[in-house]
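[1] next input, structure requested:
(chains A and B, ligands or ions: 1)
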Amino acid sequence: MFQGQRGWFCRSVSQDLRQFWGRKMAGQGACARVSPEALLPHRGWGRLPCSALTRALASTVDEGGAISDAQAADFLFSCDASHPDTLRLYHSTEYIEDNATVFHAYYLSAVANTERKNSVALGHFVLPPACLQKEIRRKIGSFIWEQDENFPIQKHGRI
Amino acid sequence: ATDKSSKMLKYKCSGCVAVRKLLNSRNFSKLLQSCTYQCDYHKVIMEAEDKYKSELRKALICDKEILLTPRRRRQLSKVS
Ligand SMILES: [Zn+2]
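    Next up, the predicted model:
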């Protein structure tokens, strides 16, 4: 599904979601090798029905995307807007010049958990800087990536 | 709270309906800005981010001016 596309991942994104996206770009060593960051505990992982998600992802092969550095990436994914990796993006000129929208990596779990993969709207998963989230929440209620119903799991898991 | 944001999405904008093949982290904010109608969800997020970006931009310009000042002074003294 993500063939030919490069994604950058904040260290706040779990290994499961990265694997679902795809592999490290060729030339950077074997894809099966565990990177040191995979051993770090994952932050921002609390709100999701984890067991169901892991189950759904475990049965999925990777979707053919490539993992790259932030500059070369077409897609920027994070699970935590206040993680230093992501903060660096928010302070980059690319971001200031409207060339770097960060998306919440729960987009990938939403895709993994539905059969109509292309029906998941990436545009709903915009992840704004942490310092803005409170103000935005006051106006819109909650972000779409904070709502459990966007991660339907009845089709595969749960039994 | 959940109710509120799903209500806000009753009317969709191009940020909502654009297919993933056509959008990515590089073109998303421009796509949103260029579209004449934004749904409330995207409008609120975009306005907050725009404000934040313009503050950063201002801060950046200030930094640059501080950095440039000594050199500018030197250049000026060369000219005179
Ligand atoms: Zn919208």
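[2] the most centrally placed residue in chain B: which element?
    Nearest to the mean C-alpha position of chain B, by CA atoms, centre = their mean, lies residue B:50 at 4.0 Å. Per DSSP states H and E: residue B:50 is located in helix B:40-79.
[3] now do residue 21, the pLDDT please.
    Just so you know, I chose chain A. The model reports residue A:21 with a pLDDT of 93.
[4] not what I meant, chain B
    Looking at residue B:21, its pLDDT stands at 77.
[5] what separates it from residue A:2, distance-wise?
    Counting by CB to CB, to the nearest Å, the gap from residue B:21 to residue A:2 is 10 Å. Yep, even glycine has a C-beta here, placed from its N, CA and C like the rest.
[6] alongside chain B, which residues does chain A contribute?
    With CB under 8 Å from any CB of the partner chain as the criterion, chain A meets chain B at residues A:5, A:73-76, A:91, A:93, A:95-96, A:98-103, A:118, A:120-124, A:126, A:128-129, A:131-132, A:135-137, A:139-144, A:147, A:149.
[7] out of the residues you listed, which end up buried?
    Neighbour counting by 16 or more other CB atoms under 10 Å in any protein chain shown classes A:5, A:73-76, A:95-96, A:98, A:100-103, A:120-124, A:126, A:128-129, A:132, A:136-137, A:139-144, A:147 among the residues of chain A next to chain B as buried.
[8] roughly how far apart are the residue nearest to the centre of chain B and the ion?
    Using CB to the ion, to the nearest Å, residue B:50 is found at 15 Å from the ion.
[9] roughly how far apart are that residue and residue A:95?
    In terms of CB to CB, residue B:50 sits 12 Å off from residue A:95.
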